[in-house]
Each structure stands twice: as C-alpha cells, then as structure tokens.
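Chemist: Just the structure for this:
(chains A and B)
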Number of protein chains: 2
Amino acid sequence: MKHVILIIMDGLGDRPNVELDGKTALQAATKPNLDYLSSHGTTGLMSPVSFGIRAGSDTSHLSILGYDPHKYYTGRGPFEALGLGIPLKPGDIAFRANYASVMNGKIIDRRAGRIQNTEDLSRELETEIDGVKFIVKSGVEHRAAVVIRGSGLSDMISDTDPHSVNSQPVNAKALSPEADFTASLINKFLERSRKILAKHPLNQKLVSQGKLPANEIMLRGAGKIPKLPSFHEKYGMNGACISGTPLIRGIAGLAGFDIISVEGMNGRVDTNYSNIISAAIRSLEKYDFILINIKGTDIAGHDKKPLLKKEVIEKVDSVILPLLKLLPDTLIVVTGDHSTPCSFGDHTGDPVPILFATDGIINDNVKTFDELSVSTGYYKITSNDIMPLIMSYSDRSEKYGA
Amino acid sequence: MKHVILIIMDGLGDRPNVELDGKTALQAATKPNLDYLSSHGTTGLMSPVSFGIRAGSDTSHLSILGYDPHKYYTGRGPFEALGLGIPLKPGDIAFRANYASVMNGKIIDRRAGRIQNTEDLSRELETEIDGVKFIVKSGVEHRAAVVIRGSGLSDMISDTDPHSVNSQPVNAKALSPEADFTASLINKFLERSRKILAKHPLNQKLVSQGKLPANEIMLRGAGKIPKLPSFHEKYGMNGACISGTPLIRGIAGLAGFDIISVEGMNGRVDTNYSNIISAAIRSLEKYDFILINIKGTDIAGHDKKPLLKKEVIEKVDSVILPLLKLLPDTLIVVTGDHSTPCSFGDHTGDPVPILFATDGIINDNVKTFDELSVSTGYYKITSNDIMPLIMSYSDRSEKYGA
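Modeler: Numbering: from 1, shown residues only, chains lettered A, B, ... in the order given. A predicted model of the protein is given here:
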C-alpha cells in the first residue's frame, strides 16, 4: 500500500489570457516538475462536482474527499463559519451575518458603510441564552458568522435579513414547528444585540464622525454543521491536512483529519511554499494521506492577475522537486478544486487538469500538465471519481466481487 | 438490425511490463485483426462498474450485461457457488464454505492443511432437512460452496466461521426474525456434518498419517441468488454464452442466456480458441447476441506472466480473422471485464480498452487496440454504458422521445 499526497491548487483551471499571449497560466508557466509528474503518471480532466458545475471550494473539497456535497453541503452559513476558523461541532447551527445600519427602524445600509474591524462588536455580542451558546466571529468588512450550540436546535429558521434597504429588520421565524425554540432564541439574541450595539463606543464614534453605525446584525443562510463519516473509516487512511485556508482546514477537520501547522503558511500568495512541502514529507511518517491546499492560484484568478497565477504555479513547481523521489511508494495527485480563470475573475464550471503519478502505473501520452495537454489523457472524470482512483492507484482498494 | 458478438478477454487491461520493454501485453502483441477492428470502429477506455473500482469478474459481467451490480450482486456466497458450476435458481441461498480442522472443540486450522480433493466429503454432506435441499460442492483446496433450496429461506444468517484459530466454530444466528427457520436448518446441517466428517474414511486416513482432518465445514457470506430480469425482455435479443468459466456461464444463465458447449474449451490458457470462434459464428444463425469470455488473459495476469498474456492475445487475434467479414451485418465489440496487470498479479481499477466495430459507423483515429492508443479515441465510459452503445450501434435502440 502506498502513501498518498493530494495537492490541490485552488482555482487552478484557467482560460486563455491576453497577458500570456493567449495561454492559460499553466500553459505559460515553466514547471518541469509538474511536467515530470505528468509524464510519469496518468492524466485527464476533472470536473468538480459534475460537468459544468461552478463549484465552490467547499462543495468541491467535500466531493474530492468522497463526501457527496448534495448530502453534506448544508449551506453557506455553516461553511462560511468554517471559513472563519470557528471550531465547529456537528449539530451546531451556523448563520452568515451582516452588520447593517438602521435608522428610525429601517435599514439604510445593509453593509454599515462597509465597516472594518468589527472584532470588538462581535466579541461583545457573544453570550449564552437559555443554555445555548452564541459564538460570533467577524469576517471581511461588514461580514460575520453566528453559530449557536446547544440541544434542541433546528436550522429551519428564516433569514432576519430582509435583503433590501428601507425595510425593517425582520424577526426570525420557525420554518417548521420543531424550530420554535431556536427562533425564539435568535430573537432574544437580536434584541440583546441591538441594545449592546446602540451604545457601543465604536458605533458612538462612527456616529460622531457622521459615519454609519453597525447597529444591527442580520442573519441568513441557517444551516447545520454536517456530521461527516470519518475519512479513516471510509478509506482506512489516517489523514492530515496542510492548508493556510480556514475553510479547508474546517472541512478536513470535520472528516477527522489532523490539521498540521506550518511556519510561514498563510493562505496567501506569499505563503511559505517550501515549508508546506517539507511538512508534507515529514507528515508521511505518521499519516497515510496528506491533503495540501494552496490558495495562491485562486487568489490570482479572483484578482484577474494571470502573471501572478503563473508565478504561483512556478513557485509550487519549484518546491515539489523532493516529491519526485517518493514515487516508488507514494501516489502523488495534483489537481485544482475548480477553475478560477483570470479573465473571468471568479469560479467557472470548466474542468481542471488532474494527474496521478506513482511508479508502475500506465503513463498516458501526456508530457505536459496543462488544460489542453491533459485533455488527450486517460480520464474525463468528475471529482466523485478521485477517491476510488486514489484507492486503486495506491493499492488500497478492496475488490468489489471476485 | 445487426447481430452482436461481444468478446470479453478477461482481465485484459495491463500496465507496463519490464519483460515487454515497458509495454503492456496489448502493446507488445502482434494483433493485426484486433487492430483492423479498431480502425474500422470506434474505440475508447471503459472503466468496469465505475472509475477506479477494482471490479471482480462477477460485478463487472453483471454491469456489462446491463444489470446494476449494486442491485444484483448479492455477495460472495452466491457468486462463488455460481463459479463452482452449481445449477442455481433465483431464491437459492448460497454460502462460501471452508473445510477446517477442529481439535478439542477448537479450530486449529481454518483450511484443514489445505486439503485437496474433498469431493467425496462434499457428496456425503448433501442432504435434505425439513424439506430443504442442501447442495455441497468442493472448490479448490479447502474451499467449497453450500447451497440451500426450499421455501421460507432467508439469507440474513451470520457466519459460522469465527475467522480465527483457537476459537470454537459458532452456530448460525438469524440476523432478522424471518431467518430463524433458516438458522435452525443450518445448525442441524452442521451437527449432521460433524458426525459424518468425524468417521469419514478420508479423515481417518489423514489422521492415521498424522495430517489434519477436515472435520468441520464453516459457512460464511450468505446471499440469495438474484433474480435477473430476462436479457431477452430487456433488449429484445436472444443471447448465447460461450465461456469455459462456470462463473460467467452461471451469470449468463441467470440472465436467460443459452449456454453453448464447445469442444476443447476449458477456461484455461490452452483452451481451443479456434473452436470458440467457430461456435460463435455458427450460433449467429440462432442467436442475436453472443457473449464470449476468454479467461486466459486473466490467468496470465494473476500468474504475473506478461509473455503468456501477450501470447493469449495473439492467439485470440489469429482466430478472429473470420469475424472480419461479418462486419456488414454484425457489431463486434471487444473489451475486458477489468484489468489484471501482470506486474500487480490481481485486478486493479484501471480502465480497459474497448472497441465497437461494424460497417458504416464513425471510425475514430485509433488504428491500434491497446490502452494508450484507445485513450485518444471516442469514449471514456463505464461498463454501464456498454449495452446502450451496443443497442445503438446494432440499430436496435428505441428512440427516447420523438
């Protein structure tokens, strides 16, 4: 049985870029090590979730790891909360939250003037009501997440965000009878929050400067943190996750992965690439399966920076050199979780290149790792097919039948 | 409407072999007729059951013939019994069985010293209890199958094999209330068997030679023989099966195929290849669909003999010459049921080459029938897709819609 290193370059797939003479970032990059892995492996195109689906990193990572997102993706609330790094437990109910500005009982700005640094506000709002814990964590600008933890909770709760200005904030309503208790808790929380926010020094200062106060917190997208069946029980492998991105660490954590800390890893383009790969190699002593997520490619895609995306790929390529000598007893899989073409600046439903490299398997005719080259390779698969192929290529599959 | 000949070379898919200068058996073989079929047909890679799945011949043949194995594969017991050539009926309950050695009430060898030629023992154990027939058939070494036939039977029966030595053989337990009757029958059968085995001359001889007796028969893997919907009703084709392998004949029989006997066909590498093809051509007079399974490629794969695998392919190639002139009104399909790479010695989840050849259809650019060549062909499919493609290419499909 072989060890497995799965490298996911976030948002790897690209489209032609004028700045790169019509090439994708992968086509334009100098990447001898990725090309070596292609020519010592089996390649193809992988559609995240399914063909043409514009997958998020959440649904895609679930699917790649063998968890059907149609079953385990419980909405934006829980996965945004995971993305803010809140240590969540299965059964927790999570909401996306916005800080907003209310005047004379009506919302005048759903983003509170795109307020920054709301950490103090969020901390003040944390509380416990009727034995249920309220966790509040600030995100970027006006964004936050609210998580409630306790017994008897339901996620069948309507949004308190009316999704329009000049409307009143609405109360939480139970969308099914068993959610009555949860709805009443949420409304108590909102009432309490309004009092705290109204007199909070940060808001008083904003008002005195003629700026919009964050005197309302609006909740939406209620969802339950899913209970993922243990990765170890599903596949017989001890998993470790190396990622600078809280969302990915959160999903892996729910699946029972150990989370590996790496010095200098920050989930940005200036992360310490070399330390990430060293940590992965060290982790092979203790773990069967290492999931690495590198976020830089996605950031460059969202920022519409093809040269930067190319540069991130080249950095990854240069640090993976030590992996090549592991091929006799390690399966190395490289892919993305979705495409984030620089020309589009967001995720698309385009398939992503994938390679499976280890000694002894078929090498298809593909010698170069990019969208077009791998399109003549062995596979046209979806993310659901990745784990079965990993199990087979790492000599871990049980036979189905005889 | 065209006739169909489906040739399944068992375990056909391969990986690079040192003995063949890094080539797969198909790449190394001289096979002008298979290459001719490729260049007069449409090719691709076919993943048995699904991508990366290490399919057995049982699950794979079910799937190839259009029977979802997740629905119709009822476990190792029934399919091992089919593999021993027991004429089974839907509703029969089958177990895998081991002859074992018991001393002082404890199992001291789960394989009875890998005893050979247990046919006499098995014959003696056959009986009828409370109107239920017990069929016992010996397999290789200590292996056997036990089938019970009658009314009111259930397969919700625990193993009587404790799966470890120094344990006592365990009684069959009903895993659900409706299995109480079956469990009591099994326990009566085991009690009776112990008495017969204890005083059987073969065992007395073994003991006198200081060898381990086969004085216990242990059952496991209870399953019901599935009722397959008739192939003829599903596809409107009369099917005939030509195979030297009891398992394949058994599965085809359950689907309602007629089983064709062929002189010199033995399911080994030294089978009479030429007679098999002659029998297939003769059978076209009476049947619409001929399923041929050739086992030699799989045997060579399990035995890690790439030169032998190449030789089997070359033999098949040489005898199929007469098929080429049937192309105007016959669809010829060639594939494997799974990969059995010689370098691995067992099934893997690798896809298998497939070709569909008949006059008048698209010919993709593939002129050579091997793993890499067909990887640039038309299809990347799973075994579930084979029957619909056969129906379409043989002009038998009904339109779905108008």
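
Chemist: What's opposite the nearest residue to residue A:348 once chain neighbours are set aside in the beta bridge?
Modeler: When the adjacent residues along the chain are set aside, residue A:348 lies closest to residue A:339, with 4.9 Å between them (Cβ to Cβ, 6 or more residues apart in numbering or on different chains). C-betas here are computed from N, CA, C, even on glycine. Beta-bridge pairing for residue A:339 (DSSP bridges): residue A:12, residue A:348.

Chemist: What pLDDT is listed against residue A:339?
Modeler: Reading off the per-residue confidence, residue A:339 sits at a pLDDT of 98.

Chemist: Could you pick out the longest helix of chain A?
Modeler: Among the segments of chain A that qualify as a helix by DSSP state H, the longest is helix A:180-198.

Chemist: Flag the shaky bits of the stretch 251-400 of chain A, pLDDT-wise.
Modeler: Filtered on pLDDT under 70, the stretch 251-400 of chain A yields no residues whatsoever.

Chemist: now the helices for it?
Modeler: If you assign secondary structure with DSSP state H, counting those that start in this stretch, the helices in the stretch 251-400 of chain A sit at A:273-283, A:296-302, A:306-319, A:371-374, A:386-393.

Chemist: For these, give me a markdown table that also has mean neighbour count and distance to chain B.
Modeler: Shown next, in a markdown table, are the helices of the stretch 251-400 of chain A (neighbours: other Cβ atoms under 10 Å in any protein chain shown; distance: least, Cβ to the nearest Cβ, whole Å):
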| stretch | mean neighbour count | distance to chain B |
| --- | --- | --- |
| helix A:273-283 | 19 | 23 |
| helix A:296-302 | 24 | 25 |
| helix A:306-319 | 21 | 25 |
| helix A:371-374 | 20 | 11 |
| helix A:386-393 | 24 | 3 |
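
Chemist: Can you add distance to residue B:45 and give those helices back as a markdown table?
Modeler: Formatted as a markdown table, the entries for the helices of the stretch 251-400 of chain A read as follows, by distance: least, Cβ to Cβ, whole Å:
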| stretch | distance to residue B:45 |
| --- | --- |
| helix A:273-283 | 31 |
| helix A:296-302 | 29 |
| helix A:306-319 | 28 |
| helix A:371-374 | 14 |
| helix A:386-393 | 13 |
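
Chemist: coming back round to it: same for the longest helix of chain A, what does it pack against?
Modeler: Based on contacts counted as 3 or more Cβ pairs under 8 Å, 6 or more residues apart in numbering or on different chains; DSSP states H and E, the elements that helix A:180-198 packs against are helix A:119-125, strand A:127-129, strand A:143-149, strand A:216-224.

Chemist: quick check, the following helix or strand past the last one touching chain B?
Modeler: Yep, that's strand A:216-224 we're talking about. Note on strand A:216-224: by DSSP states H and E, the next helix or strand toward the C-terminus is helix A:231-235. No: for helix A:231-235, no contact with chain B is found by Cβ under 8 Å from any Cβ of the partner chain; the gap never falls below 12.1 Å.

Chemist: how about the CA coordinates for helix A:231-235, as PDB?
Modeler: Written as PDB, here are the backbone C-alpha positions of helix A:231-235 (Å, rounded to 0.1, in the frame of the first residue of the first chain):
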ATOM      1  CA  PHE A 231     -12.300   9.500   6.400                       C
ATOM      2  CA  HIS A 232     -10.300   6.900   8.300                       C
ATOM      3  CA  GLU A 233     -13.300   4.600   8.500                       C
ATOM      4  CA  LYS A 234     -14.300   5.200   4.800                       C
ATOM      5  CA  TYR A 235     -10.800   4.700   3.400                       C
END
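
Chemist: Show residues contacting stretch A:96-106.
Modeler: A:76-77, A:80, A:107-113, A:115, A:118, A:121, A:136, A:142-146, A:161, A:165-169, A:212-221 (Cβ atoms under 8 Å, 6 or more residues apart in numbering or on different chains).

Chemist: tally of neighbours for residue A:224?
Modeler: Residue crowding around residue A:224 was assessed by other Cβ atoms under 10 Å in any protein chain shown; the count is 18.

Chemist: Now do it, the pLDDT please.
Modeler: In the predicted model, residue A:224 carries a pLDDT score of 95.

Chemist: quick one, what contacts it?
Modeler: Residues in contact with residue A:224, defined by Cβ under 8 Å, 6+ apart, are A:74, A:78, A:90-94, A:155.

Chemist: and the angle from the top strand by length along chain A to helix A:180-198?
Modeler: Among all segments of chain A classified by DSSP state E, the strand with the greatest residue count is strand A:93-103. For strand A:93-103 against helix A:180-198, the angle by axes from the mean of the first three to the mean of the last three Cα atoms, to 10 degrees is 40 degrees.

Chemist: what's the average pLDDT for the following helix or strand past the longest helix of chain A?
Modeler: Using DSSP H and E, the next helix or strand after helix A:180-198 towards the C-terminus is helix A:201-208. Per-residue pLDDT values over helix A:201-208 give a mean of 94.

Chemist: Same check on stretch A:121-141?
Modeler: 95.

Chemist: Name the residues that touch that stretch?
Modeler: Outside stretch A:121-141, the residues that reach it (Cβ under 8 Å, 6+ apart) are A:80-81, A:83-86, A:97, A:99, A:111, A:114-119, A:144-151, A:153, A:185, A:188-189, A:192-193, A:196-197, A:200, A:202-203, A:214, A:217.

Chemist: Just the buried subset of the residues you listed, written out for ChimeraX, thanks.
Modeler: Restricted to buried positions by 16 or more other Cβ atoms under 10 Å in any protein chain shown, the ChimeraX selection for the contacts of stretch A:121-141 reads:
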select /A:80,81,83,84,86,97,99,115,118,144,145,146,147,148,149,150,153,185,188,189,193,197,200,202,203,214,217
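
Chemist: now the longest helix of chain A: mean pLDDT?
Modeler: Computed over helix A:180-198, the mean pLDDT rounds to 97.

Chemist: relative orientation of that helix and strand A:216-224 in degrees?
Modeler: Angle between the axes of helix A:180-198 and strand A:216-224 is 150 degrees (criterion: the same axes, to 10 degrees).

Chemist: Quick check: mean pLDDT of the longest strand of chain A?
Modeler: Computed over strand A:93-103, the average pLDDT equals 95.

Chemist: Tell me which residues of that strand come out buried.
Modeler: When burial is assessed from 16+ other Cβ under 10 Å, strand A:93-103 yields the following buried residues: A:93-102.

Chemist: do the same with stretch A:15-27
Modeler: Using 16+ other Cβ under 10 Å as the test for burial, stretch A:15-27 gives A:15-17, A:20, A:23-27.

Chemist: Which members of these occur in helices, if any?
Modeler: Taking DSSP H as the definition of helices, the buried residues of stretch A:15-27 contribute A:25-27.

Chemist: Of those residues, which is the nearest to residue A:352?
Modeler: Here the nearest of those to residue A:352, counting by Cβ to Cβ, is residue A:26; it sits at 9.7 Å.

Chemist: which residues sit in contact with the closest residue to the closest one other than its chain neighbours?
Modeler: If you skip the residues right next to it in sequence, residue A:26 has residue A:370 as its closest partner in space, 3.9 Å away by Cβ to Cβ, 6+ apart. Residue A:370 makes contact with A:24, A:26-27, A:353, according to Cβ under 8 Å, 6+ apart.

Chemist: distance of residue A:370 from residue B:325?
Modeler: Here residue A:370 is placed at a distance of 45 Å from residue B:325 (Cβ to Cβ, to the nearest Å).

Chemist: For the closest residue to chain B within the stretch 1-150 of chain A, what are phi and psi?
Modeler: Closest to chain B within the stretch 1-150 of chain A is residue A:44: 8.0 Å, counting by Cβ to the nearest Cβ. Main-chain torsions, residue A:44, degrees, to the nearest 10: phi 170, psi -170.
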